[in-house]
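# Mind folding the following:
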Amino acid sequence: MLNQRKYIPDLLKYQNLENCNPALFPMSIGMKLSQDDGVLLSDPEVYIRSSHLTDAIHVLKYLKGTLNHGLFYPANSEFRLSAYSDADWGTCADTARSLTSYCVFLGNALVSWKTKKQKAVSKSSTEAEYGSMSHTTYELVWLERLLHKLSSVEVPTPIFLYCDNISA
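Presented below is the predicted three-dimensional model:
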């Protein structure tokens, strides 16, 4: 079991949030951060009142309620890779690029995850999802080769990749 039971209280203490009420969700509904057109703020007080700091504090409040959460790695998990892939088409407020996300499991254990902005603007949700599936496939191939080198055991095939877009 991996968790942040020691680190989270340290973060809360550093921000004087030890006694705050936990937030139920990591982000506010509909929250979209932007680069504010790249303008440097001359007055630090403006940053202290900015939405970015408010959202960061919200994340800390969410973390307070997750002290007992963690990643469990069972000893008897099946030796099979699978992955889930998703894209959020045109979400970035600054660039209109899509976000790619994936999570990879070895049996029931989460072993790899990532969210990344795609390099190009997708013309459709299908194109964004297909790009996300492509990035996930690279990760699966890399992990399959790594596991083979570390354990000299073949990873069972096929490796399943799940996506929520039928067109992709």
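
# tell me which residues of stretch 8-22 are tucked away?
Neighbour counts over stretch 8-22 (16 or more other Cβ atoms under 10 Å) mark I8, L12, L17 as buried. Just so you know, the C-beta spots here come from the backbone N, C-alpha and C atoms, and that holds for glycine as well.

# what about the second one, which helix or strand?
What that stands for is L12. Element membership for L12, per DSSP states H and E: helix 7-14.

# centre of the chain versus that helix, how much separation?
On the basis of Cα atoms, centre = their mean, to the nearest Å, helix 7-14 sits 21 Å off its chain's mean C-alpha point.

# Quick check on L106: phi, psi?
Per-residue torsions, L106: phi -110, psi 100 (degrees, to the nearest 10).

# just checking, what packs against the helix holding L12?
Helix 7-14 is packed against helix 51-64, with contacts defined by 3 or more Cβ pairs under 8 Å, 6 or more residues apart in numbering; DSSP states H and E.

# just the angle between the helix it packs on and helix 7-14, please?
Here helix 51-64 runs at an angle of 130 degrees relative to helix 7-14 (axes from the mean of the first three to the mean of the last three Cα atoms, to 10 degrees).

# Please list the outside residues in contact with helix 51-64.
When contacts are defined by Cβ atoms under 8 Å, 6 or more residues apart in numbering, helix 51-64 is touched by residues 4, 8, 11-12, 15, 17, 20-28, 31, 33, 47.

# buried stuff in that helix?
Buried residues in helix 51-64 (16+ other Cβ under 10 Å): H58, L60, K61, L63, K64.

# Now E154. Nearest residue, chain neighbours left out?
H148 (6.6 Å; Cβ to Cβ, 6 or more residues apart in numbering).

# Would you mind naming the helix or strand containing the one you found?
Short version: H148 belongs to helix 125-151, going by DSSP H and E.

# Can you pull the poorly scored residue ranges out of this protein?
In the predicted model of the chain, residues 32-41, 43-49, 51 satisfy pLDDT under 70.

# Swap in 90 and give it another go.
In the predicted model of the chain, residues 1-5, 15, 25-58, 67-68, 71-79, 87-100, 108, 115-132, 147-156, 164-168 satisfy pLDDT under 90.
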